[in-house]
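# Sequence unavailable; structure follows:
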């Protein structure tokens, strides 16, 4: 007799299927973790958005003074950056920041609605990484920590999502 023809195998397979069905029917205990994560991600996104708006409102004299202050730091690396390149880098940072804000807000909304766990988790990652990369204690660092906490809460509440 082959292994699949044994009666014991059919019984064990039926028990396994029955156990899986019973396990799937057990109610999921709803906690407030996804809601807290959603609020944290939305707050982190708003903080980053306010920082980006602050960069958008810079006038040419402010950009010139930032460039002059940063020029000595560029010299340490034997790098010369023109004022136009500096403005382009600010524009690039603004664009990337807006994309990160969109992801953070999307992750927060999905977490509040408890929908699409994977997308909510992935959406929280970029701002968490931004908070780790930014040196020192700043609003970007704080928003990164908030989104990292939201990321962890989403990660540990997978069963609560649909």
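Thanks, I have the structure now. Only a predicted model underlies this, so the values are computations on that prediction, with no experimental measurement involved.

# C-alpha from now on. contacts and neighbour counts both.
Fine.

# Following element in sequence after the top helix by length along the chain, please.
The helix that spans the most residues within the chain, counting by DSSP state H, is helix 83-113. Tracing the chain past helix 83-113, the next element assigned as helix or strand by DSSP states H and E is helix 117-133.

# neighbouring contacts of that following helix?
With C-alpha atoms under 8 Å, 6 or more residues apart in numbering as the test, helix 117-133 has contacts from 41, 100-101, 103-104, 106-108, 110-111, 140-148, 150-151, 154-155, 158, 161-162.

# And stretch 80-95, by the same measure?
52, 55, 56, 63, 64, 67, 71, 74.

# mind running it again at 10 Å?
Stretch 80-95 is contacted by residues 49, 51-53, 55-56, 60, 63-64, 66-68, 70-72, 74-75, 96-101 when judged by C-alpha atoms under 10 Å, 6 or more residues apart in numbering.

# Buried residues in stretch 55-67, which are they?
Burial within stretch 55-67, assessed by neighbour count using 16 or more other C-alpha atoms under 10 Å, is assigned to 55, 63, 67.

# Tell me which residue lies nearest the centroid of this structure.
The centre of the chain sits closest to residue 124, judged by C-alpha atoms, centre = their mean, with a distance of 1.4 Å.

# For that residue, give its distance to residue 71.
34 Å (C-alpha to C-alpha, to the nearest Å).

# same question, residue 81
The gap separating residue 81 from residue 71 is 8 Å, by C-alpha to C-alpha.

# These two - which one has more neighbours?
Taking other C-alpha atoms under 10 Å, residue 81 and residue 71 do not tie; residue 71 has more neighbours (17 against 13).

# just checking, that one touches residue 63?
No. Counting by C-alpha atoms under 10 Å, residue 71 does not reach residue 63; the two are 11.9 Å apart.

# How about residue 131: what's its closest non-neighbour residue?
Spatial nearest neighbour of residue 131, excluding adjacent residues (C-alpha to C-alpha, 6 or more residues apart in numbering): residue 144 at 3.5 Å.
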